[in-house]
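Colleague: this one's sequence-less:
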């Protein structure tokens, strides 16, 4: 199966969580820092950078990896 590429045209700003901890009751990762719940989406890299600079947010850009797509057919599962 091959994944589509339709929803990869956006840039996201995610905030780094301060002091993540484990919830003693359920064992889930939790934090008192509410910034960990925020993900901001932008249409372009330039808009995301402009927003971060305007709001004095320290940022790191992680470029998407180039996808290598090879055409496959269902019959290829039985040939090898």
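Modeller: It's in. Predicted model, so just to flag it, every value in this text is computed and none were measured. Numbering: from 1, shown residues only.

Colleague: any chance you could map the strands in the chain?
Modeller: 11-14, 21-22, 29-30, 39-42 (DSSP state E).

Colleague: Of all these, which one is nearest residue 58?
Modeller: With respect to residue 58, and counting by C-beta to C-beta, the nearest of these is strand 11-14 at 11.0 Å. Placement of C-beta: from N, CA and C, glycine included.

Colleague: nearest to residue 52, of the strands of the chain?
Modeller: Ranking the strands of the chain by proximity to residue 52 (C-beta to C-beta) places strand 11-14 first, at 6.4 Å.

Colleague: Direction included, what does that closest one pair against?
Modeller: strand 39-42 (antiparallel) (DSSP bridges).

Colleague: Identify the residues contacting the partner strand?
Modeller: With contacts defined as C-beta atoms under 8 Å, 6 or more residues apart in numbering, strand 39-42 is touched by 10, 11, 12, 13, 14, 48, 51.

Colleague: Now the buried members of the residues you listed.
Modeller: Buried members of these, scored by 16 or more other C-beta atoms under 10 Å, are 11, 13, 48.

Colleague: out of the residues you listed, which one sits closest to residue 57?
Modeller: residue 13 (7.1 Å).

Colleague: how about low-confidence regions in this protein?
Modeller: Along the chain, segments meeting pLDDT under 70 span 1-8, 80.

Colleague: picking that back up, return the member of the contacts of strand 39-42 nearest to residue 73.
Modeller: residue 10 (30.9 Å).

Colleague: re the thing from before, mind checking which of the strands of the chain is nearest residue 65?
Modeller: Of all these, strand 11-14 sits nearest to residue 65, with 14.6 Å by C-beta to C-beta.

Colleague: would you turn the strands of the chain into a markdown table with distance to residue 67?
Modeller: Below are the strands of the chain laid out as a markdown table (distance: least, C-beta to C-beta, whole Å):
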| stretch | distance to residue 67 |
| --- | --- |
| strand 11-14 | 17 |
| strand 21-22 | 35 |
| strand 29-30 | 30 |
| strand 39-42 | 20 |
